[in-house]
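Colleague: Test case, fold it:
(chains A and B)
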Number of protein chains: 2
Amino acid sequence: MMIGRTSDLILVAGGAGFIGTHLCTALLEAGHDVLCIDNLQTARTANIELLEEYPNFSFIEADITEPLPRAVLSHAPRISRIYNLACAASPPRYQANPEHTMLTNVIGTSALLQLAELSGARFLLSSTSEVYGDPEHHPQREDYRGWVSCIGPRACYDEGKRAAEAITFDYARLGRADVRVARIFNTYGPRMHPDDGRVVSNLICQALSGQPITIYGDGTQTRSFCYVSDLVDGLIRLMESEMDGTQPVNLGNPEELTVRELAEMVRDIVGAPDDITFMPLPQDDPRRRRPDISRAQEWLGWSPTVRVRDGVERTCAWFAADLDLAKATPEAVAAE
Amino acid sequence: MMIGRTSDLILVAGGAGFIGTHLCTALLEAGHDVLCIDNLQTARTANIELLEEYPNFSFIEADITEPLPRAVLSHAPRISRIYNLACAASPPRYQANPEHTMLTNVIGTSALLQLAELSGARFLLSSTSEVYGDPEHHPQREDYRGWVSCIGPRACYDEGKRAAEAITFDYARLGRADVRVARIFNTYGPRMHPDDGRVVSNLICQALSGQPITIYGDGTQTRSFCYVSDLVDGLIRLMESEMDGTQPVNLGNPEELTVRELAEMVRDIVGAPDDITFMPLPQDDPRRRRPDISRAQEWLGWSPTVRVRDGVERTCAWFAADLDLAKATPEAVAAE
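Modeller: This next block holds a predicted model:
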């Protein structure tokens, strides 16, 4: 029943994280009211400050492994869309408390789906290419079941997301909620956290600060890097599409390059010295990743538009300005 | 710290279920104090009544998706072993409320591991051959990562168990608990619930009641059926082994037969008519399953001793007596 709904509200769980802030910004710019909930585990304070400049933005600090606060539930009648982007996404962050990572994906997704059922809101789960594990088939199609170790150090995240997908599709099968599931491949761009251990931010920050560039493994492992504005466009298209929601959709850039190529690209753009330090590859690190995005192309009319070289240049420029700003105001950074 | 521990207590979550009651009986017979917690979702009342005849048995009704009752937590200092067997295991039962199935595996396992950490107890997770999904390799070894759909109707159970394994091994990696993980293949025997939709109980009950025997699919799919006394012996050996607990161990009978062979065996034993009705195979039903038990043989000195024909005969005899009893006292059955 929609009675009592005045103007719609979009809930973004994890809206203070890297992709979350870009999604919130895009929704706010389009004139939507946005309610962000976040536990601030991996958020940059500066990201929230940017969002708080919008009058149609509100923020509630909450951890979705705990029961949702009354302040969130009180908005239920107005909520028409729920994006679940809540979960640390880089291995050092999500492995710091693996049980919390698992519970964020399982309890958190369950709680937000219950809210979607209560509100009659459509629900979008941000899942991940990690559900494919270290894949045996390239590029990865959505019907590939993956090659995931459920007992290794990445399992809290990979299996957590697989479990979150399972719950989400059960809600759809039972008619409890209208759902969408995006499997997000590597994404990069401005507003990444410099310390979260993702390859793009690592390489750029090392190059900008004059440290030797570090590559884990021999650098021949590949990734497909999607610029964040493309990804956010894909998420919104998926949420607003009238497709059958009972299938996941890959969102990523099929332009594949090796980690070594990326490192050299960053070095060229920043003008850093030639040094590259090679470190051991972490356990279960995938050797290769590339999305098959034909489903997104066909169903959503979506494909990435930002070339990797352009996106990396923009990201380097943003990090350079951010690091300069940090040098200029060290107390502001210390306060983060 | 073991200070204050008087005599040890073994907690069995799901101890009123099919395997659970056999495990409790074996532990009670060995002289242990056993505390069973169970939500009675799939339990046979008669099973609990059998256990309550032992003075060293106690029972607390609890659902492990909810916070553990104080009555359980108050025993923490005495608990030295925790077996987690809690979860409906047959597709019709676990699919009736898929969200609850997932949460039982994830929240429940997390809660029991927290209790293990608090108690200093060793923890055993009853995982499943379902973590291998519809396997591409035969027999299944523990290092096979499986072929599981995380979006299908079996995912609430399969992915729930994979997630439970992930949490369990994270506790071990972080030194929070001493853990064991058993991957249990199809198990059968007396005290199965006649209505839970598992193939052995289905076939026997149909044959005994003179109904046509039903096979889903063409009957060429295989299973490996382990008699419950063998399985319980394996569980206790695994719990008490001083092996490195950071690897799962398959427990099952490698004697593989087709569902059709099983149906014909049951028909022969019971002396039922020749009719077999073929029904469509449910979605994602595995075509083949057979454990590689070399790890259990080597690490635990365990392998099954009851031949399938013998076990099926014993099970048929038990069901025949149970059904006769039910006919004799219909009001007792209605009260269940």
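Colleague: Tell me where the stretch 151-300 of chain A has strands.
Modeller: Secondary structure of the stretch 151-300 of chain A (DSSP state E, counting those that start in this stretch): strands at A:178-184, A:187-188, A:213-216, A:222-224, A:226-227, A:248-251, A:256-258, A:276-279.
Colleague: Let's see the first one as PDB, backbone CA atoms only.
Modeller: What that stands for is strand A:178-184. As requested, C-alpha coordinates have been extracted for strand A:178-184 and formatted as PDB (Å, rounded to 0.1, in the frame of the first residue of the first chain):
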ATOM      1  CA  ASP A 178      11.300  -6.600  -6.300                       C
ATOM      2  CA  VAL A 179      15.100  -7.000  -6.500                       C
ATOM      3  CA  ARG A 180      18.100  -6.300  -8.700                       C
ATOM      4  CA  VAL A 181      21.600  -7.700  -8.200                       C
ATOM      5  CA  ALA A 182      24.700  -6.100  -9.700                       C
ATOM      6  CA  ARG A 183      28.000  -8.000  -9.800                       C
ATOM      7  CA  ILE A 184      30.500  -5.200  -9.700                       C
END
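Colleague: which other helices and strands contact that strand?
Modeller: helix A:98-119, strand A:122-128, helix A:155-173, helix A:228-240, strand A:248-251 (3 or more CB pairs under 8 Å, 6 or more residues apart in numbering or on different chains; DSSP states H and E). (Glycine included, C-beta is placed from N, CA and C.)
Colleague: so residue A:192 makes contact with residue A:202?
Modeller: No. Judged on CB atoms under 8 Å, residue A:192 makes no contact with residue A:202 at a distance of 9.8 Å.
Colleague: who has more neighbours, the two?
Modeller: The residue with more neighbours, out of residue A:192 and residue A:202, is residue A:192; 26 against 22, by other CB atoms under 10 Å in any protein chain shown.
Colleague: neighbours around the nearest residue to the more buried one once chain neighbours are set aside, how many?
Modeller: Distances taken as CB to CB, 6 or more residues apart in numbering or on different chains place residue A:201 nearest to residue A:192, at 4.4 Å, with adjacent residues excluded. Using other CB under 10 Å, residue A:201 has 20 neighbouring residues.
Colleague: Same check on the one 4 residues further on?
Modeller: The burial count assigned to residue A:205 is 19, neighbours taken as other CB under 10 Å.
Colleague: How about it: what's its closest non-neighbour residue?
Modeller: Spatial nearest neighbour of residue A:205, chain neighbours left out: residue A:194 (4.9 Å); criterion: CB to CB, 6+ apart.
Colleague: who touches the one you found in this structure?
Modeller: If a contact means CB atoms under 8 Å, 6 or more residues apart in numbering or on different chains, then residue A:194 has A:201, A:205, A:319, A:322-323 as its contacts.
Colleague: Next, work out how far apart it and residue A:325 are.
Modeller: According to CB to CB, to the nearest Å, residue A:194 stands 12 Å off from residue A:325.
Colleague: same check, this time on residue A:174
Modeller: For residue A:174, the distance to residue A:325 - CB to CB - is 49 Å.
Colleague: Repeat that for residue A:19.
Modeller: To residue A:325, residue A:19 is 22 Å away according to CB to CB.
Colleague: got the residues of the stretch 151-300 of chain A near chain B?
Modeller: Contact residues (CB under 8 Å from any CB of the partner chain) of the stretch 151-300 of chain A with chain B: A:151-153, A:155-156, A:159-160, A:162-163, A:165-167, A:169-171, A:173-174, A:181, A:246-248.
Colleague: if you set the cut-off to 10 Å instead, what comes out?
Modeller: With CB under 10 Å from any CB of the partner chain as the criterion, the stretch 151-300 of chain A meets chain B at residues A:151-174, A:176, A:181, A:246-248.
Colleague: Give me the PyMOL select line for those residues, limited to the buried ones.
Modeller: The PyMOL selection below is limited to those of those classed as buried (16 or more other CB atoms under 10 Å in any protein chain shown):
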select buried, chain A and resi 151+152+153+154+155+156+157+158+159+160+161+162+163+164+165+166+167+168+169+170+171+172+181+248
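Colleague: mean confidence for stretch A:17-35?
Modeller: For stretch A:17-35, mean pLDDT rounds to 97.
Colleague: my bad, stretch A:185-200
Modeller: 89.
Colleague: beta partners for the residue of the stretch 201-336 of chain A at minimum distance from chain B?
Modeller: Across the stretch 201-336 of chain A, the shortest distance to chain B (CB to the nearest CB) belongs to residue A:248, at 6.5 Å. Bridge pairing for residue A:248 (DSSP bridges) gives the partners residue A:181.
Colleague: so it makes contact with residue B:151?
Modeller: Yes. With contact defined as CB atoms under 10 Å, residue A:248 reaches residue B:151; the gap is 6.5 Å.
Colleague: So for the two, which residues contact both of them?
Modeller: Contact criterion CB atoms under 10 Å, 6 or more residues apart in numbering or on different chains; residues shared by residue A:248 and residue B:151: A:127, A:131, A:142-143, A:165, A:168-169, A:181.
Colleague: Quick check: the farthest pair among these?
Modeller: Comparing all pairs in the shared contacts of residue A:248 and residue B:151 by CB to CB, the longest separation belongs to A:143 and A:168, at 16.9 Å.
Colleague: Could you dump the helices and strands packed on strand A:178-184 into CSV and include mean pLDDT?
Modeller: Output for these, formatted as CSV (pLDDT from 0 to 100):
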stretch, mean pLDDT
helix A:98-119, 98
strand A:122-128, 98
helix A:155-173, 98
helix A:228-240, 98
strand A:248-251, 98
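Colleague: Go through those and name the closest to residue A:32.
Modeller: Among these, the nearest to residue A:32 by CB to CB is helix A:228-240 (10.1 Å).
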